[in-house]
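# Quick one, what's the 3D model for this:
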Amino acid sequence: MVNNKNQGKKKFYRWLIGILILVALAIGLSWPTDYFIEGPGESVPVGQFIKSETKKPMNLYLVTVSITSRPASVLEYLWSYTQKFATRTPSKDLLAGQTSSQYQELQNWYMETSQQTAIYYAAKKAGLKPKLNYHGVYVMNVQKNSSFRHRLQIGDTVLGANDRRFRSTQEMMSYLNQQKPGSKVTIEVLRNNEKKNFTGKIVKLAGSKRNGIGIQLVERTTVTTKPKLKIDVGEIGGPSAGLMFTLESYEIFSHRNLTKNHKVAGTGTINVLGQVGMIGGVDKKVVAADRAGAEVFFAPSDHTGIKKSESNYAVAKRTAKQIHSKMKIVPVKTFDDALNYLNKRYKILRKFKFIKILGLEKNSRPFLRSY
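Prediction:
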């Protein structure tokens, strides 16, 4: 009888120890690491984000990188090693000293700026006269000696100072520079669509002989066009869809279908001169575009400050080869590079359409094979 009791206790303890080990293992695997996991995201038609009275084709695609919304757990971190194009990025590298909310605000600013630049450049390219509207300046960083350091946030918009509104960033900077260091200044700020006032002091700007409120800033503008065009991508952030926004906006303004409904994806920033800049995660974007069935992928070929073999275009080419993609990887330095390529590649389809109207389809077959 005693032996049976002892065996029962031993069995109970073995079960208890086993359960405790499983609980400890579960807790350990769910414990957060200091890494974010990045991987291939989605390939989405740009047209679905654009609001315009003019009909828009659904043929140009932006591509995204998937990033975990929080640091990965131990299990997610380990599992990422089974995913070929997953990257483990330390928090300090991704956030660069910012909080998650500050990082997201910065990504939202990048996205909004890329949209406005895309609309502006596309409208000019289409022969329209876009108007730039000045709204204030974005707060990108707050210097250590600024009296606004613990009040201003990244992504705030400074609308004015001392009850003054300005017509440009230069006008605001000139006014602040004229104030004496230590003098009081009250600035009006827009945060989450709510206006706030903060009072602080004028300081000497670090690394400069100028006076100011001690922030790093970028001008905030919006563009007005006729016809009206607006881009709203929801929670997608970052500047890397600039080129594709510009191509889609140009299609709308010029009433053209650049790809004749063939699926074309790409990435790259855009500036007011139409230059295409480098982005991050291009290998993951190639994978996402290939999965979506894109025929062409535009990749920035600029390699300023890096080896040519590490340019977005070079990495995209290698990635396409690794996944055995039939997608054509096209290098672009400017908007015109992309536009000229599309005009040339799909010109044959326009010629074929003309021949078909004349009833000469049979004669066009060898011509189609060359495509």
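# switch to C-alpha atoms for all contacts and neighbour counts from now on
Will do.
# To what extent is Lys321 buried, counted in neighbours?
12 (other C-alpha atoms under 10 Å).
# in what helix or strand does it lie?
Lys321 belongs to helix 312-322 when assigned by DSSP states H and E.
# Run the chain-centre distance for the helix or strand that that helix is followed by.
Next helix or strand after helix 312-322 toward the C-terminus (DSSP H and E): strand 328-332. With C-alpha atoms, centre = their mean, to the nearest Å as the basis, strand 328-332 stands 19 Å off its chain's centre.
# and strand 328-332, which residues are buried?
329-332 (16 or more other C-alpha atoms under 10 Å).
# So what touches it?
Here strand 328-332 makes contact (C-alpha atoms under 8 Å, 6 or more residues apart in numbering) with 276, 295-302, 313, 316-317, 320, 338.
# Could you rerun that using 6 Å?
296-301, 313 (C-alpha atoms under 6 Å, 6 or more residues apart in numbering).
# circling back: return the list of helices and strands in contact with the helix holding Lys321.
Helices and strands touching helix 312-322, by 3 or more C-alpha pairs under 6 Å, 6 or more residues apart in numbering; DSSP states H and E, are strand 296-300.
# Could you pull up the mean pLDDT of the helix holding Lys321?
Averaging pLDDT along helix 312-322 yields 97.
# Could I get the CA-only coordinates of that helix as PDB?
Extracted in PDB, the C-alpha atoms of helix 312-322 (Å, rounded to 0.1, in the frame of the first residue of the first chain):
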ATOM      1  CA  ASN A 312      19.700  48.400 -55.400                       C
ATOM      2  CA  TYR A 313      19.900  47.300 -59.100                       C
ATOM      3  CA  ALA A 314      22.800  44.900 -58.500                       C
ATOM      4  CA  VAL A 315      21.100  43.300 -55.400                       C
ATOM      5  CA  ALA A 316      17.800  43.100 -57.300                       C
ATOM      6  CA  LYS A 317      19.400  41.300 -60.200                       C
ATOM      7  CA  ARG A 318      21.100  38.800 -57.900                       C
ATOM      8  CA  THR A 319      17.800  38.200 -56.000                       C
ATOM      9  CA  ALA A 320      15.900  37.600 -59.200                       C
ATOM     10  CA  LYS A 321      18.500  35.000 -60.300                       C
ATOM     11  CA  GLN A 322      18.300  33.300 -56.900                       C
END
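# Run a quick neighbour tally on Lys228.
14.
# what's the nearest residue to it if we skip its chain neighbours?
Ser52 (6.2 Å; C-alpha to C-alpha, 6 or more residues apart in numbering).
# hang on, that neighbour packs against Leu229?
Yes - using C-alpha atoms under 6 Å, Ser52 makes contact with Leu229 at a distance of 4.9 Å.
# between those two, what contacts are shared?
In contact with both Ser52 and Leu229: no residue, using C-alpha under 6 Å, 6+ apart.
# Point out where the stretch 251-371 of the chain drops to low pLDDT.
348-371 (pLDDT under 70).
# The helix holding Lys321: which residues count as buried?
Buried-residue list, helix 312-322, by 16+ other C-alpha under 10 Å: 312-317, 319-320.
# Going by distance to Arg220, which of those wins?
Minimum distance to Arg220 across these is 28.2 Å, recorded for Asn312 (C-alpha to C-alpha).
# quick one: Lys307 from Tyr313, how far?
12 Å (C-alpha to C-alpha, to the nearest Å).
# which neighbours do those two share?
By C-alpha under 6 Å, 6+ apart, no residue touches both Lys307 and Tyr313.
# where does the residue sitting nearest the centre point of the chain land in three-state SS?
The centre of the chain sits closest to Gly238, judged by C-alpha atoms, centre = their mean, with a distance of 2.3 Å. Three-state call for Gly238 (DSSP: H, G, I helix; E, B strand; the rest coil): coil.
# tell me the pLDDT at it?
Confidence score, pLDDT, at Gly238: 88.
# do the same with the one 5 residues further on
We note a pLDDT of 97 for Leu243 in this prediction.
# ok, how many other residues are close to it?
Neighbours of Leu243 (other C-alpha under 10 Å): 33.
# ok, it to Thr68 distance?
Counting by C-alpha to C-alpha, the gap from Leu243 to Thr68 is 25 Å.
# Asn261 contacts Asn59, correct?
Yes - counting by C-alpha under 6 Å, Asn261 touches Asn59, with 5.2 Å between them.
# of these two, who's got more company?
Higher neighbour count among Asn261 and Asn59: Asn59, with 20 against 12, using other C-alpha under 10 Å.
# list the contacts for the more buried one?
With C-alpha under 6 Å, 6+ apart, Asn59 has these contacts: 261-263.
# same thing with Ile279?
240, 268.
# and if we set it to 10 Å?
238-241, 267-269, 299-300, 311-312 (C-alpha atoms under 10 Å, 6 or more residues apart in numbering).
# need the helices for the stretch 251-371 of the chain, in chain order.
For the stretch 251-371 of the chain, the helices defined by DSSP state H, counting those that start in this stretch cover 282-291, 312-322, 335-345, 347-357, 365-370.
# hang on, the earlier thing: specify the angle between the helix holding Lys321 and strand 328-332 in degrees.
170 degrees (axes from the mean of the first three to the mean of the last three C-alpha atoms, to 10 degrees).
# what's in contact with helix 312-322?
The list of residues contacting helix 312-322 from outside it, by C-alpha under 10 Å, 6+ apart, reads 85, 267-268, 277-287, 290, 297-303, 307-311, 324-332.
# Select only the buried ones of these in PyMOL?
Command for PyMOL that selects the buried part of those, burial taken from 16+ other C-alpha under 10 Å:
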select buried, resi 267+268+277+278+279+281+282+283+284+285+286+287+290+297+298+299+300+301+302+303+311+325+327+329+330+331+332
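# which residues touch Lys308?
Per C-alpha under 10 Å, 6+ apart, neighbours of Lys308: 301-302, 314-315.
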